[in-house]
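what's the 3D shape of this:
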Amino acid sequence: MKKLLIATRNMGKLQEISKFLSDLPLKLLSLIDVGIMEEFEEKGRTYLENSQKKAIFYAKKSKLPTIADDGGLEIDALSGAPGVKSRRWVGFEATDEELIEHMKKVARELPDRNRKALFKVVISLALPNGKVFSVTGKVEGIIAKEPKIQHVQGFPYRH
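Residues are numbered from 1 along each chain as shown. Alright, predicted model coming up:
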C-alpha cells in the first residue's frame, strides 16, 4: 500500500484530513509515525509559501509524498489581521484556549457594521523530488460576538 505523510502534529487536523482521504488506497502517516521530530518554522509571508515549503521540507526528510497546509483568519476591520500569523497571533506558544479568549475580546470590540472575515487555507502536496502541487480554499463569513459552538481541539478559530 502506498504511503502519504500528513505533515502535522495537530491531532484534530490529522483526524480531519484522514477522514477526507479515507476512501483512497493509502496508508496515512503523521510526523510522529515516521519519527520526524524537527519543526518546520513558517517564516513565509503567504499561506502558499508556508504550505509549499513545509510540504517540500517534510517530503525530502521522509522520502514520502507529503501533504502540508497553512491558513488563517483575515478580519476586514483589522486590515486582514491576523492573517498568516493566525496561529501565532498572541505568541508563538499560545494555546487554543488563549487564542479563543483573545478572539472573544476582539469580537466584542469589532464594529457591528464591519464584522466581515475570510478564512483561507492552502494545501500543498509535495513529492520527495521537490515537485509540489497546491490548492486554495476560502470561506467568507462574519465574526460572531460570542462563539456559538463547542471548541474543536486544534482549531481555535472554529466557532
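
buried sites along stretch 14-25?
By neighbour count on 16 or more other Cβ atoms under 10 Å, the buried set for stretch 14-25 is 14, 16-17. Glycine gets a C-beta too; all of them are placed from N, C-alpha and C.

hmm, who's touching stretch 1-15?
17-18, 21, 25-32, 34, 40, 54-55, 57-59, 62, 64-69, 152-155 (Cβ atoms under 8 Å, 6 or more residues apart in numbering).

Restrict those to the buried ones and give me that as a ChimeraX selection.
One line in ChimeraX is enough to select the buried ones among these; burial here means 16+ other Cβ under 10 Å:
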select :17,28,29,30,31,34,40,54,55,57,58,59,62,64,65,66,67,68,69,154
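
one step back: could you save the buried residues of stretch 14-25 as a markdown table and add columns showing secondary structure, distance to L4 and pLDDT?
Shown next, in a markdown table, are the buried residues of stretch 14-25 (DSSP: H, G, I helix; E, B strand; the rest coil; distance: Cβ to Cβ, whole Å; pLDDT from 0 to 100):
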| residue | secondary structure | distance to L4 | pLDDT |
| --- | --- | --- | --- |
| L14 | helix | 12 | 87 |
| E16 | helix | 15 | 87 |
| I17 | helix | 9 | 90 |
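
Just send the residues you listed back as a markdown table, with distance to V122 too.
Output for the buried residues of stretch 14-25, formatted as a markdown table (distance: Cβ to Cβ, whole Å):
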| residue | distance to V122 |
| --- | --- |
| L14 | 18 |
| E16 | 16 |
| I17 | 14 |
